[in-house]
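>>> sequence and computational prediction follow.
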Amino acid sequence: MSGKKILVTGGTGYIGSHTVVELINAGYEPLIIDNLSNSSPKILNQIKKITGKEPEFYNFNLCDEKLTYEFLETHQDISGLIHFAAFKSVGESEREPLKYYKNNFYPLINLIESCSNRQMNLVFSSSCTVYGEPDDLPVNELAPVKKAESTYGNTKQIAEEILEEVSGVNENLKVIALRYFNPVGAHASALIGELPVGVPQNLVPFITQAAIGKRGAITVFGDDYHTPDGTCVRDYIHVVDLAKAHVAAIEHMENSQSAQRFDIYNIGTGRGYSVLEVIHAFEVASGQQLNYKIGKRRPGDIEKIYGDVTKAANELSWKAELGIEEMMSSAWEWEKYINQNPL
Ligand code: WQD
């Protein structure tokens with residue numbers, strides 16, 4: 001007997017594919033919509049290798065209002081929606097803001113408009129970026145949202161506002177926004193993981209590519225911050241733990257009558273690691289020696305952030321279980337896999 005159908009937009013992407021696996025593991029039947037603008041269709045077969053099931057896949061752009069409406073109309077048995085599909089490069093968003101506002105808002109609006117006449121539980125992929133440089137640490141969900149440091153961060157802030165307002169007037173719609181900290185690592189099978197396009201902008205994929213010889217020395221963007229070793233601190237979270245948080249959010253909205261119409265949860269580990277600590281943790285976990293040099297600060301970087309994650313533990317019965325060692329070792333196993341098996 002198939003489980004409840006959950007629509008996963010961007011489901012062939014990094015976090016989306018891991019979430020599809022955990023939905024299947026939890027007995028759900030995920031359907032994927034993805035325009036493959038930043039992912040490979042081969043991921044579908046990888047998901048089948050892991051779970052034994054290949055989810056239904058629909059390849060179209062959710063910016064197309066007609067196609068989106070027709071899809072939801074012809075899939076009345078979809079009870080939940082996890083919306084990942086969006087552009088996510090901070091740097092690119094600064095260079096092409098309009099591209100980001102179109103691509104990160106048109107699909108969201110088309111989706112919520114297409115299911116406005118029926119009960120829908122929606123999980124939104126948000127980001128700790130909305131906090132900017134927090135005044136207090138660990139940062140909790142009541143912390144003020146600060147002026148976004150990038151167009152990307154602004155699209156997340158505005159999307160949360162849209163969802164809060166629409167769910168406030170449409171009693172059919174329940175929303176949970178998950179504010180991710182820094183997703184890293186890969187599934188234990190090493191069959192799915194992060195597939196950065198071009199030179200990785202994020203720390204961990206750059207580390208694994210440097211370790212396998214695809215990149216030169218790592219540049220540490222500044223060591224003159226007010227942190228123990230001078231390098232920036234982030235709350236890194238294993239992508240599998242993050243994926244499980246999405247299942248917990250769906251289950252919460254299905255089962256808890258007390259669920260708010262709109263709610264926000266930090267999804268992190270509650271612990272911060274510096275850039276140098278991550279580099280060292282990778283060397284220990286992988287047995288690979290890394291070359292790095294200290295460079296200038298990267299514009300837009302905040303100094304330190306890590307989350308207060310007690311709300312998700314108390315209300316979603318979710319907490320991160322995997323530590324930095326598993327984050328680093330799984331990232332390394334994935335890098336070695338795709339080096340031999342390009343997707
Ligand atoms: C981490 C640290 C860099 C590369 C990302 C996403 C953002 C959000 C949170 C989801 C920083 C340093 C990096 C390198 C380095 N995720 N670094 N050398 O900037 O915290 O934000 O996660 O929404 O969208 O961009 O992550 O991995 O880019 O950087 O020293 O070659 O590593 O300065 O301190 P960031 P990151």
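Received, thanks.

>>> going forward, measure contacts between C-alpha atoms and count neighbours the same way
OK.

>>> which stretches of the stretch 201-343 of the chain form helices?
Under the criterion DSSP state H, counting those that start in this stretch, helices of the stretch 201-343 of the chain are mapped to 203-211, 239-255, 275-286, 310-315, 324-340.

>>> right, and those helices - which one's nearest the ligand?
For the helices of the stretch 201-343 of the chain, proximity to the ligand was assessed by C-alpha to the nearest ligand atom; helix 203-211 is nearest, at 3.6 Å.

>>> looking at the stretch 1-150 of the chain, which residue is nearest the ligand?
Per C-alpha to the nearest ligand atom, Ser127 is where the stretch 1-150 of the chain lies closest to the ligand, at 4.3 Å.

>>> burial of the nearest residue to that residue once chain neighbours are set aside, as a residue count?
For Ser127, ignoring the flanking residues on the chain, the nearest one in space by C-alpha to C-alpha, 6 or more residues apart in numbering is Arg179 at 4.0 Å. Residues near Arg179, counting by other C-alpha atoms under 10 Å, number 22.

>>> likewise Lys304?
For Lys304, the neighbour count with other C-alpha under 10 Å is 21.

>>> can I get the helix or strand harbouring Leu111 as PDB, trimmed to CA atoms?
If you go by DSSP states H and E, Leu111 is part of helix 97-114. Output in PDB follows, covering the C-alpha atoms of helix 97-114 (Å, rounded to 0.1, in the frame of the first residue of the first chain):
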ATOM      1  CA  PRO A  97      19.100  39.900  -8.900                       C
ATOM      2  CA  LEU A  98      16.100  39.900 -11.300                       C
ATOM      3  CA  LYS A  99      16.900  36.300 -12.300                       C
ATOM      4  CA  TYR A 100      16.700  35.400  -8.600                       C
ATOM      5  CA  TYR A 101      13.500  37.300  -7.800                       C
ATOM      6  CA  LYS A 102      11.800  35.700 -10.800                       C
ATOM      7  CA  ASN A 103      13.000  32.100 -10.200                       C
ATOM      8  CA  ASN A 104      12.600  32.100  -6.500                       C
ATOM      9  CA  PHE A 105       9.200  33.800  -6.300                       C
ATOM     10  CA  TYR A 106       7.200  32.700  -9.500                       C
ATOM     11  CA  PRO A 107       7.300  29.000  -8.600                       C
ATOM     12  CA  LEU A 108       6.300  29.700  -4.900                       C
ATOM     13  CA  ILE A 109       3.400  31.800  -5.900                       C
ATOM     14  CA  ASN A 110       2.200  29.400  -8.600                       C
ATOM     15  CA  LEU A 111       2.400  26.500  -6.200                       C
ATOM     16  CA  ILE A 112       0.500  28.100  -3.300                       C
ATOM     17  CA  GLU A 113      -2.100  29.500  -5.800                       C
ATOM     18  CA  SER A 114      -2.600  26.100  -7.500                       C
END
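
>>> quick revisit: my read: the residue nearest to Ser127 touches Ser125, true?
Yes - contact criterion C-alpha atoms under 8 Å: Arg179 and Ser125 qualify, at 6.9 Å.
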